[in-house]
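Engineer: Take a look and give me a structure for this.
(chains A, B, C and D)
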There are 4 protein chains.
Amino acid sequence: MSDKVKVAIIGAGRIGKIHADNLLRLPNAEVRAISDPLADGRLQEWARARGIGIVTQDGGEVMGDPDIDAVLICSPTDTHVSLIKLAAAAGKHIFCEKPISLDIMQTKEALEAVQAAGVKLQIGFNRRFDHNFRRVREIVQNGGIGVPHIVKITSRDPNPPSEQYIRSSGGIFMDMMIHDFDMARYVSDCEAEEVFACGSVLVNPVFERYGDVDTAVVTVRFTNGALAVIDNSRQAVYGYDQRVEVFGSGGSVSAANDYPNTAEVHNAEGVRRDKPLHFFLERYNEAYIDETRQFIQCIAENRDVTVGGGDGLQAELMALAAKWSSRLGRPVKLSEAVEMSAASCG
Amino acid sequence: MSDKVKVAIIGAGRIGKIHADNLLRLPNAEVRAISDPLADGRLQEWARARGIGIVTQDGGEVMGDPDIDAVLICSPTDTHVSLIKLAAAAGKHIFCEKPISLDIMQTKEALEAVQAAGVKLQIGFNRRFDHNFRRVREIVQNGGIGVPHIVKITSRDPNPPSEQYIRSSGGIFMDMMIHDFDMARYVSDCEAEEVFACGSVLVNPVFERYGDVDTAVVTVRFTNGALAVIDNSRQAVYGYDQRVEVFGSGGSVSAANDYPNTAEVHNAEGVRRDKPLHFFLERYNEAYIDETRQFIQCIAENRDVTVGGGDGLQAELMALAAKWSSRLGRPVKLSEAVEMSAASCG
Amino acid sequence: MSDKVKVAIIGAGRIGKIHADNLLRLPNAEVRAISDPLADGRLQEWARARGIGIVTQDGGEVMGDPDIDAVLICSPTDTHVSLIKLAAAAGKHIFCEKPISLDIMQTKEALEAVQAAGVKLQIGFNRRFDHNFRRVREIVQNGGIGVPHIVKITSRDPNPPSEQYIRSSGGIFMDMMIHDFDMARYVSDCEAEEVFACGSVLVNPVFERYGDVDTAVVTVRFTNGALAVIDNSRQAVYGYDQRVEVFGSGGSVSAANDYPNTAEVHNAEGVRRDKPLHFFLERYNEAYIDETRQFIQCIAENRDVTVGGGDGLQAELMALAAKWSSRLGRPVKLSEAVEMSAASCG
Amino acid sequence: MSDKVKVAIIGAGRIGKIHADNLLRLPNAEVRAISDPLADGRLQEWARARGIGIVTQDGGEVMGDPDIDAVLICSPTDTHVSLIKLAAAAGKHIFCEKPISLDIMQTKEALEAVQAAGVKLQIGFNRRFDHNFRRVREIVQNGGIGVPHIVKITSRDPNPPSEQYIRSSGGIFMDMMIHDFDMARYVSDCEAEEVFACGSVLVNPVFERYGDVDTAVVTVRFTNGALAVIDNSRQAVYGYDQRVEVFGSGGSVSAANDYPNTAEVHNAEGVRRDKPLHFFLERYNEAYIDETRQFIQCIAENRDVTVGGGDGLQAELMALAAKWSSRLGRPVKLSEAVEMSAASCG
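Structural biologist: Have a look, this model is predicted:
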């Protein structure tokens, strides 16, 4: 068994447990430990049922364990940077959920630590592993639509999160649209230059209380002149809406939603079918599995991860520019966004 | 105006009037006369508004008019044969609605008269001119699915006809499925050898009263071993259902229904869209126009019609075999069907 | 025949002739005249074949004809305003192609002349009569998706126009996207407050020569906080792409493209179907017919037109704001746009 | 761990291993043994990697093991009956792949043994657990389409099996269409009365050598007058084609194929997407998992299985009638089929 990649999960929330279960199905991974400041008897039991030997409240224990090759950081965003630094210092490969941090300077520091240590860092942009979007990218890369001109992304959640979540989410651009910023880059291989964000509070006034919006349309100008547009809503009553289109000089490719079945009813009232898959756990179930599989493979075969720290940083920059654009009511260049944040922190 | 094809409509029912209106839109046709035993003031008015000069109760008047090049026979089925003979004798080209007759012997006589006179005869298999089915045939002819193995046709009406209609319709196979028998030949270029019909009365007991069925599934074996299956229902509550699939050695091609619009609603209950086009007038509107356009063109350019008397006969033979099969509860060869009918008449 | 609405076509270009042919099919309209500065023998012949009595190079002749109830202005954009004023002064109802003019001040003057004369003015936003978009609006109006939050419009032409056309088109926003600005209002019943336009030259450098772009994404903020996004391209190699989606508190409704047929081929390479209808003549054929039918009906029944001068003005304002936004690189309010234009003219 | 259902796999072929892997993922099942006459070191290794303790060439060992609660019979068809009898005698619950046997008398004997022993018997009609077909049944059961009138099933394999397989398969009706016979009953809750089978050899002449066909269309008349039609082909070059439609008095419901992704490309040639999922392992992956999950649950909770021996028998009867019908060229009643077989054996 010594050829298995031994991993620890940091943070035993929903996503941490999902990653654990997915890793447990991989023949070349071993989940050796799980740490969480709130680890209790229930977690002990959960871990025992899965043969996970170590359950601890102390993340440091995990970092110090020489038998652990890699950590999956699934704890709250404000802990990511320090955990990345610790893991890098301990020579462990890192998988970190998005965003790396809400502070671009800290994100950069974390990436420097990773680079200095020479460990791998994969960012949790799970949608890159979705069967639909991966196929879209493949087709674009194979020249199936020529040179990309317009990227269109729709991303809407079935329900808004809780007020508590909203308060510390970092706002719709950093919390939700960051996935779409990464998607825009993923499917087009273009890099953003400028962002214009237009937001409204239409779903629930609670968002206003935290300077946030629940509905947003963001335009992106890429360095090569191509354009992207992303629309987000915190509430689509018909369920998770995750679509992408890339239009180019040679045609277009689009990915529609997934549905729980293909059954279609024709009756006197019309034609109907069931709603799309309800939320990310249903829609991205396979993508999550594939995401961890590839992380483990990259470690096992000492290959570069396919979605690294630079991708995390770039998406954060776009989110940051969108945040400023929304605040200032004008387009904001990615280069400006860093200065603005530096200035506003100083 | 002397280069226009001058036509007369025989039978001023719904379909006769549709053909008249479609002909009136053609630059190279002139509707010179309309005859109907029940022609009255209302028909006079209808004709006047369209510039149709002659309205008569006497079909003979039309046949005797040397200025008329062609007649469209839109009268009841039991008048078709004698009208075809009259028209052929008068040297007029003929368009005749399906079926030519309910008696295969008489149909043959009519075709002989047509051949002897050297006039053109087009049968009203309007579906051959439908944009969807024409494209299916094109693809099959271009080798797009290789050699046909299985033909599947669904053909369902939105509502059953009146009892009066049912009584004299000739039964579901001769009245309704005859279109599908022709379609099976049209899309595959295969010829039927044997037919097995399985029918039930599930929609309305009135059909039983006339020895008819309202629901039927018919299997066709073609001479080359390919198979076809046709299903008919007299009542699809969601509207007209007209679909075709041809499956072969190189793939399959299918044609779905037409819809009034592409609007699709996603809401909390599911996804829905409007029902298909309701009935043949909506679905085959363009096909009817094209059907008459091509009839006129074939006359104007002295070309062969694309759906002639032989096609009418072949579809009738298939319908006849289906009728006998349904009655006898066993597969019936087309060759048998003629004998059976001869015997049963004798 | 005195109860027919008698109309004259001003401008015998492609669209003028289409309207003429569509009017000729209406039972309650009479095309009495067609005028064009370049009217020649060919046009005479064209008119004679259709029974159009008057063909003239002199638009004044038409305006002075007391037997003409209405004019359809299908001449170049720079003639619209003076023709509208002339027609209004002559007491004739007016159908005018979009845009009314390229100068918002002149457009306003034209509308004032119309109002003063008490004649009807319908603007040629033909897409409002499209079966798909009309159904989308109907569903939104019936509350089928709740309160609109996001409107998404895709509008792409199959091929860029000629250089000559580009030169005098008024630019992509005024020439092409103006239809989409109207559509955004039509499907949502929302009014625009601010526009942000992002354009690029990606299809053909010729657009740059005229200060124009060929690819554009425009974000619209409505007065009620709802958002819209429109993307345009001058070249979609797969044909005309005309789609709309309205997303709201109760769901979403979207309209897809129309296709020439429903035939779908499955073979060893994949699944394929034919491209969408190629361009506006195919896609909006029925919409053009319905547009003129409704114009004539509104006159015959003395009802208000459904798409009037105010709609023309509003779409122009949005186009103007988009033009300035694209030039200035920042969002522009509709109110600003008027001042900017006034200033730049002064 | 004593509350887990302990099972043995009989037959270590492809499907046996799939079931084993699916069982290993269930929290309430334990795969205790696997037996196969050809068990070797490779199988030992395969079992060890999965923690399956017992690997044996002797099926009797498994039957004699008091710790085993249930067996999954995945061995060749000709071993099913004797294994069912042995397992029943040993008091073990049984999951048996379809068909139970190729001899209806033996199938009945096996079912009697099961009944006498009071053990559970589930038949491997995996398609009942498919998300699409389950939803179709649900909708029919909930009255979504009224009373079923016509059932249509398409079932085509991507490639014909090997000659060796064909030789002992029992023929297309017993080997392949048996699934569809079960499906027809499953989605409609109707019972077959008579079957008419029409087959051809169009894919590969090898089928003829074994008195088999590769292309077949079968019509079923249910006792209540409803009709079904099933078409099978041994070779659909575009992949696995598995579709169902139920048409009834209140509408219709249909299930289309599953695809690997929703990506759709529009280019100058047309619109295309990837082929359907290639074969049963891809299409029914989840169905297989659910099938075993439900088998285990029925045992754990002592509930009746949802697809039992009676279902297996009924599908065999339909297949048998189809076989005779194909041979005799006439419709065959299920009641006749048994006599015919008895006679032909005698």
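Engineer: Show me which residues of chain A sit near chain D.
Structural biologist: Taking CB under 8 Å from any CB of the partner chain as the measure of proximity, chain A contacts chain D at A:25, A:27, A:49, A:131-132, A:134-136, A:139, A:144-145, A:250-258, A:260-268, A:274. No exception for glycine: its C-beta is placed from N, CA and C like everyone else's.
Engineer: Please state the offset of stretch A:87-100 from the chain centre?
Structural biologist: Its chain's average C-alpha position is 15 Å from that of stretch A:87-100, according to CA atoms, centre = their mean, to the nearest Å.
Engineer: Equivalent analysis for stretch A:65-83, please.
Structural biologist: Computed by CA atoms, centre = their mean, the chain-centroid distance of stretch A:65-83 equals 16 Å.
Engineer: got the CA coordinates for it in PDB?
Structural biologist: The C-alpha coordinates for stretch A:65-83 follow below in PDB (Å, rounded to 0.1, in the frame of the first residue of the first chain):
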ATOM      1  CA  ASP A  65       2.700  14.000  10.000                       C
ATOM      2  CA  PRO A  66       5.500  12.800   7.700                       C
ATOM      3  CA  ASP A  67       3.300  10.100   6.300                       C
ATOM      4  CA  ILE A  68       1.000  12.600   4.700                       C
ATOM      5  CA  ASP A  69       1.800  13.500   1.200                       C
ATOM      6  CA  ALA A  70      -1.000  16.000   0.500                       C
ATOM      7  CA  VAL A  71      -3.700  18.100   2.100                       C
ATOM      8  CA  LEU A  72      -7.100  19.100   0.900                       C
ATOM      9  CA  ILE A  73      -7.900  22.500   2.400                       C
ATOM     10  CA  CYS A  74     -11.700  22.600   2.800                       C
ATOM     11  CA  SER A  75     -11.800  25.000   5.700                       C
ATOM     12  CA  PRO A  76     -13.300  28.600   5.700                       C
ATOM     13  CA  THR A  77     -11.700  31.000   3.200                       C
ATOM     14  CA  ASP A  78     -10.000  33.100   5.800                       C
ATOM     15  CA  THR A  79      -7.900  30.100   6.900                       C
ATOM     16  CA  HIS A  80      -6.700  29.200   3.400                       C
ATOM     17  CA  VAL A  81      -3.600  31.400   3.200                       C
ATOM     18  CA  SER A  82      -2.000  30.400   6.500                       C
ATOM     19  CA  LEU A  83      -2.800  26.700   5.900                       C
END
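Engineer: Contact partners for the spatially closest residue to A:Val338 that is not a sequence neighbour?
Structural biologist: In this structure, A:Val338 finds its nearest non-sequential neighbour in A:Ile104, 5.9 Å apart by CB to CB, 6 or more residues apart in numbering or on different chains. Counting by CB atoms under 8 Å, 6 or more residues apart in numbering or on different chains, A:Ile104 makes contact with A:Leu313, A:Glu316, A:Leu317, A:Leu320, A:Ala337, A:Val338, A:Ser341.
Engineer: What of A:Ser344?
Structural biologist: Not one residue lies near A:Ser344 by CB under 8 Å, 6+ apart.
Engineer: again, but for A:Thr215
Structural biologist: Contact analysis of A:Thr215 by CB under 8 Å, 6+ apart lists A:Gly199, A:Ser200, A:Val201, A:Leu202, A:Val203, A:Asn232, A:Ser233, A:Arg234, C:His149, C:Ile150, C:Gly225, C:Leu227.
Engineer: For it, give its distance to B:Ile9.
Structural biologist: Shown here: A:Thr215 relative to B:Ile9, a distance of 60 Å by CB to CB, to the nearest Å.
Engineer: same check, this time on A:Arg14
Structural biologist: From A:Arg14 across to B:Ile9, the span is 73 Å (CB to CB).
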